[in-house]
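*Asks:* please work out how this folds:
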Amino acid sequence: MKYVWLIVFFPFLGFLINGFLSKFFNKKVVAFIAASAIGLAFLCGLVTLVKLLAYPPEARSIEITFYSWIKAGGFNIEAGFLIDPLTMVMVLVVSGVSFLIHIYAGEYMEEDPGYVRFFVYLNLFVSMMLTLVMANNFLLMFVGWEGVGLCSYLLIGFWFEKDSASNAGKKAFIVNRIGDFGFLIAMFIIATTFHTLNFKVVFEKAPQMFQVGSGLITAATLLLFVGATGKSAQIPLYVWLPDAMEGPTPVSALIHAATMVTAGVYMMARCSVLYALAPFSLGVVAVIGCLTAVYAASMALVQVDMKRVLAYSTISQIGYMVLGCGVGAFAAGIFHLMTHAFFKALLFLCAGSVSHALAGELDIRKMGNLHKKMPITHITFLSATLAISGIIPFAGFFSKDEVLFETFMSHHNVLYILGLIGALMTAFYMFRLYFIAFRGESHVEPELEKHIHEPSWRMALPLCVLGVLSLIGGWIQLPFFHNLKILGGFLSPVFHHAHEISKMEEASVSVWLEGALMTLSLIVAGLGILIAYKFYIKNPELPKRLGEKFAGLYKLLFNKYYVDEIYQMVVVKPLYNLSEILSIAVDQAVIDGSVNGTGRSLMGVGGVLRRTTTGYVQFYGLVMFLGAVILLLWNLF
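*Replies:* Predicted coordinates:
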């Protein structure tokens with residue numbers, strides 16, 4: 001498997017070719033190179049998966065090292081990749097979904113003057129994400145971690161001429177630096193404790209060196225989770241993601257579905273052994289994930305920008321993945337990550353299709369009845385909406401239901417109930433979005449309505465593929481029968497040690513209980529759809545009346561609980577004022593003062609010495625004579 005480096009190399013090669021040679025290509029060639037680079041990475045991933053499956057399950061963990069990267073005393077870090085089932089799931093999801101987004105973006109961005117720059121950034125983004133998920137140690141993972149952070153800044157602020165876009169890019173970058181600080185401290189703790197950052201060595205040593213509940217492991221895992229809350233947009237560091245909508249729609253699809261926000265969930269799953277040793281950290285993870293799922297869903301209930309609704313939806317769905325990891329069901333969290341990549345990428349690309357047809361319009365109040373003129377976009381959007389709402393047999397039903405089921409079986413009853421409430425709200429706000437935009441009465445401007453059209457095949461093909469995946473993507477992990485849980489069986493060697501530590505065994509569950517919980521999930525989702533139908537199809541005036549009746553609550557939700565304003569007042573403004581004080585008192589008075597004072601002193605000395613340069617030979621002779629006399633007297637006395 002020495003060729004696995006090609007998985008990362010191909011996207012990076014696309015970045016280099018388009019970055020340095022694009023002046024020789026037209027737009028179609030640029031798009032072809034960018035998409036082909038990701039497609040080749042996906043093919044390499046498939047070949048690697050086939051080769052990995054040839055090994056027995058217990059031997060499906062292969063470390064490939066390339067060279068000694070850092071060596072200092074007994075501390076040694078080797079650059080290399082870890083190929084195991086978790087890596088392969090992430091590689092195929094990242095490269096596969098990214099490939100479809102690249103095909104779509106070739107048409108979507110055609111009129112943009114920054115076309116080449118866009119694809120250069122996009123290839124680098126995917127290359128960095130693949131580095132993150134394939135790394136065999138924390139430091140190389142951190143390189144990819146920071147790489148996706150940089151690329152997200154460049155792509156969110158892609159239209160930097162707009163203040164809103166450049167500010168959103170800066171916000172994402174700064175908020176993630178806070179999370180990354182936690183990740184760095186955790187890495188320092190791990191390095192000093194284990195004298196290595198290699199995953200295999202750390203995860204083998206940890207259970208031997210520490211007992212369950214150890215303070216040091218708890219501190220390290222909590223700090224790692226701080227990093228995850230930044231990348232995966234969880235409370236309290238979620239605030240950057242809604243503003244990330246300022247980037248082009250393919251960027252939104254890439255960030256939300258296949259790259260940036262999945263990094264934190266993957267990192268926690270990779271560190272499952274450490275989290276199994278820290279039950280308190282798992283509890284914190286579960287609570288934060290569940291609260292984020294419900295909290296973000298509540299804000300999505302009233303938003304009117306299509307992409308912003310989907311942004312809050314992403315925060316909520318990532319919350320379910322984090323909840324799965326928090327209750328120790330790491331495979332369930334990764335399963336939901338995979339299905340979410342399919343239907344969330346599709347939802348964003350459909351939003352881009354609608355925006356494309358409506359001259360950039362994303363306000364759902366100016367849409368309606370689009371299903372007649374955009375049948376492909378309509379049916380694929382509906383497929384993704386049914387998937388995220390948790391309707392059988394669509395992919396989201398199986399993955400979200402498994403997270404809720406594992407939460408219930410781990411006796412987190414309060415979290416399970418909150419998870420069901422979040423599922424109810426998800427079904428409601430997604431079908432609210434669907435009914436307002438694609439059904440009901442049209443509110444599109446008459447002149448604009450004449451030009452509504454479906455996208456070209458280059459944009460429609462990825463929609464259709466993702467639509468099919470949104471339907472069948474969950475069928476690799478079917479309930480009731482152990483043999484039908486293909487993904488869980490494939491991932492089980494990765495999480496086996498974590499389950500041993502936490503003594504989580506697959507208990508025999510009554511088919512009736514599992515069926516009852518599935519039925520309850522379906523009833524909850526159906527209820528959310530029914531309420532949305534009554535509000536926005538049967539009685540469209542009802543939401544307006546309720547909004548007026550509960551004006552305070554509506555305003556609170558619409559303004560996102562005023563969290564941005566609170567952060568501005570409590571964190572940003574005091575820091576800004578402190579920086580101004582430090583600028584005057586320290587930078588200008590002390591630092592500039594000392595530097596300028598030194599300069600003035602030297603200029604003064606120079607001014608005095610300058611007067612000794614008279615140009616008269618007699619004066620120089622006198623000085624030399626006096627110098628000689630002084631030296632003579634010095635030697636005598």
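*Asks:* ends of stretch 382-400, what's the gap?
*Replies:* End-to-end distance for stretch 382-400, by C-alpha to C-alpha, to the nearest Å: 18 Å.
*Asks:* correction: stretch 190-205
*Replies:* End-to-end distance for stretch 190-205, by C-alpha to C-alpha: 11 Å.
*Asks:* ok, stretch 390-399 next?
*Replies:* End-to-end span of stretch 390-399 (C-alpha to C-alpha): 8 Å.
*Asks:* give me the contact list for that stretch.
*Replies:* 332, 335-336, 338-340, 342-343, 383, 386-389, 400-401, 423, 426-427, 469-475, 477-479, 518, 521-522, 524-526, 529 (C-beta atoms under 8 Å, 6 or more residues apart in numbering). Every residue, glycine included, has its C-beta placed from N, CA and C.
*Asks:* hmm, which of those are the buried ones?
*Replies:* 332, 335-336, 338-340, 342-343, 383, 386-389, 400-401, 423, 426-427, 469-471, 473-474, 477, 479, 518, 521-522, 524-525, 529 (16 or more other C-beta atoms under 10 Å).
*Asks:* so which of those sit within helices?
*Replies:* Counting by DSSP state H, the buried ones among the contacts of stretch 390-399 place 332, 335-336, 338-340, 342-343, 383, 386-389, 400-401, 423, 426-427, 469-471, 518, 521-522, 524-525, 529 in helices.
*Asks:* in this structure, where is pLDDT below threshold?
*Replies:* Scanning the chain for pLDDT under 70 picks out 504-509.
*Asks:* roughly how far does the closest residue to residue 408 other than its chain neighbours sit from residue 517?
*Replies:* Spatial nearest neighbour of residue 408, excluding adjacent residues (C-beta to C-beta, 6 or more residues apart in numbering): residue 416 at 4.6 Å. For residue 416, the distance to residue 517 equals 9 Å [C-beta to C-beta, to the nearest Å].
*Asks:* which residues do the two both contact?
*Replies:* Between them, residue 416 and residue 517 share the contacting residues 404, 408, judged by C-beta under 8 Å, 6+ apart.
*Asks:* pick out whichever of these two has more residues nearby.
*Replies:* When neighbours are counted by other C-beta atoms under 10 Å, residue 416 comes out ahead of the other of residue 416 and residue 517, with 22 against 19.
*Asks:* where exactly do the strands run in this protein?
*Replies:* Assigned by DSSP state E, the chain shows strands spanning 62-72, 75-83.
*Asks:* and among the ones you listed, the most buried is which?
*Replies:* strand 75-83 (a mean of 19; mean count of other C-beta atoms under 10 Å).
*Asks:* name the residues that touch that strand?
*Replies:* Under C-beta under 8 Å, 6+ apart, the answer for strand 75-83 is 1, 4-5, 8, 48, 52, 61-71, 87, 134-137, 139-140, 191, 195-200.
*Asks:* same for the helix ranked longest in the chain, what does it pack against?
*Replies:* Ranked by number of residues, the top helix in the chain under DSSP H is helix 163-194. If you count contacts as 3 or more C-beta pairs under 8 Å, 6 or more residues apart in numbering; DSSP states H and E, helix 163-194 packs onto helix 138-156, helix 199-209, helix 215-231, helix 240-243.
*Asks:* mind doing that once more with 6 Å?
*Replies:* helix 138-156, helix 215-231, helix 240-243 (3 or more C-beta pairs under 6 Å, 6 or more residues apart in numbering; DSSP states H and E).
*Asks:* related to what we said a few turns ago, distance to residue 593 added to the strands of the chain, as a markdown table?
*Replies:* Conversion of the strands of the chain to a markdown table gives the following (distance: least, C-beta to C-beta, whole Å):
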| stretch | distance to residue 593 |
| --- | --- |
| strand 62-72 | 39 |
| strand 75-83 | 42 |
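*Asks:* which one of the ones you listed lies nearest to residue 636?
*Replies:* strand 62-72 (59.2 Å; C-beta to C-beta).
*Asks:* partner strands of the closest one, with direction?
*Replies:* The strands beside strand 62-72 in its sheet (DSSP bridges) come out as strand 75-83 (antiparallel).
*Asks:* which residue is nearest the centroid of this protein?
*Replies:* residue 261 (1.7 Å; C-alpha atoms, centre = their mean).
*Asks:* skipping its backbone neighbours, what lies nearest residue 369 in space?
*Replies:* residue 442 is the one closest to residue 369 (C-beta to C-beta, 6+ apart), at 3.9 Å.
*Asks:* over to that neighbour: give its phi and psi.
*Replies:* Per-residue torsions, residue 442: phi -80, psi 130 (degrees, to the nearest 10).
*Asks:* count of residues packed around it?
*Replies:* Quick note: residue 442 (other C-beta under 10 Å) scores 16 neighbours.
*Asks:* quick one: it and residue 367 touch, right?
*Replies:* No - using C-beta atoms under 6 Å as the test, residue 442 is too far from residue 367 to be in contact (7.7 Å).
*Asks:* give the residues shared as contacts by the two.
*Replies:* Residues within reach of residue 442 and of residue 367 at once, by C-beta atoms under 6 Å, 6 or more residues apart in numbering: there are none.
*Asks:* and the helices in the stretch 301-450 of the chain?
*Replies:* 306-326, 330-357, 375-389, 395-409, 413-438, 446-449 (DSSP state H, counting those that start in this stretch).
*Asks:* ok, the stretch 1-150 of the chain next?
*Replies:* Using DSSP H, counting those that start in this stretch, helices in the stretch 1-150 of the chain cover 5-21, 27-53, 85-108, 115-134, 138-156.
*Asks:* okay, those in CSV with distance to residue 407 next?
*Replies:* Formatted as CSV, the helices of the stretch 1-150 of the chain follow (distance: least, C-beta to C-beta, whole Å):
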stretch, distance to residue 407
helix 5-21, 34
helix 27-53, 30
helix 85-108, 21
helix 115-134, 25
helix 138-156, 28
